[in-house]
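Undergrad: Below is the sequence, then the predicted model.
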Amino acid sequence: MNIMIIEDQRDVVEMLRLNWSDSRDRLDCLASVRQANRFIQSNELAAYDCILIDINLTDGSGLELLRDVRSRSDVPIIMISGAGDADSRADAISVGADDYVMKPFSVKELRARVHRLHEARLGRSPLRQNAAFRIGNIDCDIGRLSMHCDGASQPLTALEGRILQVLHASAGEDCPKTCIARQALFREHDPRDKTIDVYINRLRGKLAELDAASGAAIKTIRGVGYRLSDTPQQGK
């Protein structure tokens with residue numbers, strides 16, 4: 001894999017290079033927003049399988065870089081932050097990040113996340129990349145990462161699509177957060193991590209924008225996770 005690291009802390013970059021145990025991977029690094037902007041606007045972007053972006057760069061915002069990359073490519077992107085909360089995770093997710101890690105992090109775990117995201121993009125994920133199904137009055141096309149209802153549409157990020165597939169596979173039954181974490185985020189669930197909750201709220205909002213009744217399809221099951229339930233198809 002070719003992996004681009006956009007990080008201005010030299011010690012973090014050296015830690016990644018020294019501890020990245022898969023010699024088949026190539027790690028390249030850019031240390032500023034200025035360098036990253038040139039990279040994003042060039043043809044080199046297509047040569048990379050995953051991009052790691054520090055949110056707080058010395059000369060600018062990693063979120064703006066995320067926005068620029070996402071407008072040009074669906075390459076998996078993992079955001080890195082030394083300080084953050086649910087709001088900062090929500091910001092990254094809303095712009096199109098596939099994952100989010102906090103410093104200090106385990107290089108082994110980060111490498112596993114990178115590889116699983118890459119495998120999912122290549123279609124080797126246990127989830128079907130071409131899945132299509134309905135949630136209430138809304139047609140969900142995971143292959144195209146989009147949802148449609150009455151001529152209107154909403155885009156999905158790759159992770160939003162995987163979460164919807166996991167929920168749909170358990171439709172009508174409780175879907176634990178542990179299951180969502182393993183099958184969609186490719187990691188074990190940490191009760192302190194609110195990433196799944198942030199994504200679920202995003203999905204509810206997108207569903208509701210297309211159809212108010214269908215927006216209530218994802219139910220919270222306290223202490224467990226979520227359940228995808230049928231919604232009334234009013235006027236259909």
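TA: That came through fine. Numbers count the residues shown, from 1 in each chain.
Undergrad: For this protein, which segments count as strands?
TA: 2-6, 26-30, 50-54, 56-57, 60-61, 77-81, 99-102, 132-135, 138-141, 146-149, 152-155, 175-176, 218-221, 225-228 (DSSP state E).
Undergrad: Check which strands are paired with the fifth one and give the direction for each one.
TA: Take DSSP bridges as the rule and strand 60-61 pairs in its sheet with strand 56-57 (antiparallel).
Undergrad: contacting residues around the partner strand?
TA: Around strand 56-57, the neighbours that count as contacts under CB atoms under 8 Å, 6 or more residues apart in numbering are 6, 7, 8, 32, 33, 36, 62, 65, 81, 82, 83. C-betas here are computed from N, CA, C, even on glycine.
Undergrad: Might you report the residue contacts of the fifth one?
TA: Spelled out, it's residue 33. 57, 59, 60, 61, 64, 65.
Undergrad: hmm, which of those residues are the buried ones?
TA: 57, 65 (16 or more other CB atoms under 10 Å).
Undergrad: from the contacts of residue 33, which is closest to residue 104?
TA: Of all those, residue 57 has the smallest distance to residue 104: 18.1 Å, by CB to CB.
Undergrad: ok, back up a step: point out the one among the strands of the chain that comes closest to residue 113.
TA: strand 99-102 (5.6 Å).
Undergrad: List the buried residues in that closest one.
TA: 99, 100, 101.
Undergrad: So which of these is the closest to residue 27?
TA: When the buried residues of strand 99-102 are compared against residue 27 (criterion: CB to CB), the nearest one is residue 101, at 15.6 Å.
Undergrad: Dihedrals phi and psi, the most centrally placed residue in the chain?
TA: Centroid check for the chain by CA atoms, centre = their mean gives residue 98 as the closest residue, at 2.1 Å. Per-residue torsions, residue 98: phi -90, psi -20 (degrees, to the nearest 10).
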